[in-house]
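Novice: Fold the following, please.
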Amino acid sequence: MQAAEFLFESNLFPDLEYSFKHALTGEVVYGALLHDRRTTLHASIVRTLEKLAGDNDHIEALAHHAFQAELWDVAVRYLRQAGAKAMSRSAFLESVANYRNALTALTHIPDSSDKLAEEIDLHLDARNVLFLLGDSKAVAEHLQAAEPLAERLGDEQRLARVLNFLNSYYGLAGDPERAIEIGKRALKLGVIHAETVSSIVTYYYLGAAYNKTGQYDLAIEVLLRGVQNIGDDLRHERFGTAAVLSVICRSHLVQCLAATGRFSEGALFGEEGVRIGEEVEHPTSLIHMLCSVGMLHLLKGDCDQAIPILEKGLEGVTALGRRRGKFRGGGPRRFFGVEYRLARGGISVLGSHR
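Specialist: Numbers count the residues shown, from 1 in each chain. Alright, predicted model coming up:
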């Protein structure tokens, strides 16, 4: 094959290595291998990669070869790690592909409570990525698959997470009344009152639903509980959601306080939220926060203060949109654009009356 120029020497040290000149040739040769031979080769690659230092550097390769080797337990572990790594760098399409492959690998593993728990967690991991991609249909599918699994497992903590995400889904789907109903159902779970993390997420989603229905006083009360439960030491945590909750809770608080004319309180929460969002370097959370702070200044009539904040938010949406994979930035970009034009228009009107 080397004489026919199908192969070439790609490495001489420490061992002689060959590579195919064209990827198609490699695929043909690979396809000619018997199934057992292919899986054996992939398993050998997994073992070799596992011996190398810094597994995280090779996590994508480990996930791929473990899946092809049909090492299902190993594949689930590495695919989930690869999905998390891809999400951390905003490679959302790659991330969701890894999570879906992990769910496929999981179907080959015998039933057990551990498998049920892993399946629920993978559905929720996939939900977080699909939420950022704006694929609401797929979000609903994963949550509806996870809910009966959590009930079957009898795990209140996981059921609380599922209900919280369903709360979020119905709020975004234009059914905030259903979201509130699910939020109240979550509050009845014992784990919500016994476990801080579950309570924080529940208060956030219920507060956001109250915000959407214009029940600002109830929203403020619930969101304040969430902020207080987070505390300073957990301010950078996402608690299994797609956003940094200390930031996003403050963002909804700013909206509610602005809507009720409590601008000074809202501005303080806004400053805190922006500072934390910049500390943790989480673009989507910071963008949401900037949008809320910009809205507060608009409602107060401070167009000069709103403009630089909205410009910064627009820059963030544009930068995130350039990253690998899609981003549900169309809505935020349009909303920022409307606020920005309102701010500019407000300055023009004020200038014409001076």
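
Novice: Please make it C-alpha for all contacts and neighbour counts, starting now.
Specialist: Fine.

Novice: Which pLDDT value belongs to residue 310?
Specialist: Looking at residue 310, its pLDDT is 85.

Novice: now it: how far from residue 291?
Specialist: Remark: distance between residue 310 and residue 291 (C-alpha to C-alpha, to the nearest Å) = 7 Å.

Novice: now residue 122
Specialist: Counting by C-alpha to C-alpha, the gap from residue 122 to residue 291 is 31 Å.

Novice: How about residue 255?
Specialist: Between residue 255 and residue 291 the distance, using C-alpha to C-alpha, works out to 9 Å.

Novice: from memory residue 239 sits against residue 246, does it?
Specialist: No. Assessed by C-alpha atoms under 8 Å, residue 239 is found out of contact with residue 246, at 10.1 Å.

Novice: More neighbours: which of the two?
Specialist: Between residue 239 and residue 246, counting by other C-alpha atoms under 10 Å, residue 246 is the more crowded of the two (27 against 16).

Novice: what does the helix or strand containing residue 228 contact?
Specialist: Residue 228 is located in helix 216-230, with elements delineated by DSSP states H and E. Residues outside helix 216-230 that contact it (C-alpha atoms under 8 Å, 6 or more residues apart in numbering) are 196, 199-201, 203-204, 206-211, 246, 249-250, 252-253, 256-257, 259-260.

Novice: could you dump it to PDB, C-alpha only?
Specialist: Once non-C-alpha atoms are left out, helix 216-230 reads as follows in PDB (Å, rounded to 0.1, in the frame of the first residue of the first chain):
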ATOM      1  CA  TYR A 216     -43.800  40.900  41.300                       C
ATOM      2  CA  ASP A 217     -44.200  40.900  45.100                       C
ATOM      3  CA  LEU A 218     -44.400  37.100  45.200                       C
ATOM      4  CA  ALA A 219     -41.400  36.900  42.800                       C
ATOM      5  CA  ILE A 220     -39.300  39.200  44.900                       C
ATOM      6  CA  GLU A 221     -40.100  37.200  48.100                       C
ATOM      7  CA  VAL A 222     -39.100  33.900  46.500                       C
ATOM      8  CA  LEU A 223     -36.100  35.200  44.700                       C
ATOM      9  CA  LEU A 224     -34.700  36.800  47.800                       C
ATOM     10  CA  ARG A 225     -34.900  33.400  49.600                       C
ATOM     11  CA  GLY A 226     -32.900  32.000  46.700                       C
ATOM     12  CA  VAL A 227     -30.200  34.700  46.900                       C
ATOM     13  CA  GLN A 228     -30.000  34.300  50.700                       C
ATOM     14  CA  ASN A 229     -29.600  30.500  50.500                       C
ATOM     15  CA  ILE A 230     -26.800  30.800  47.900                       C
END
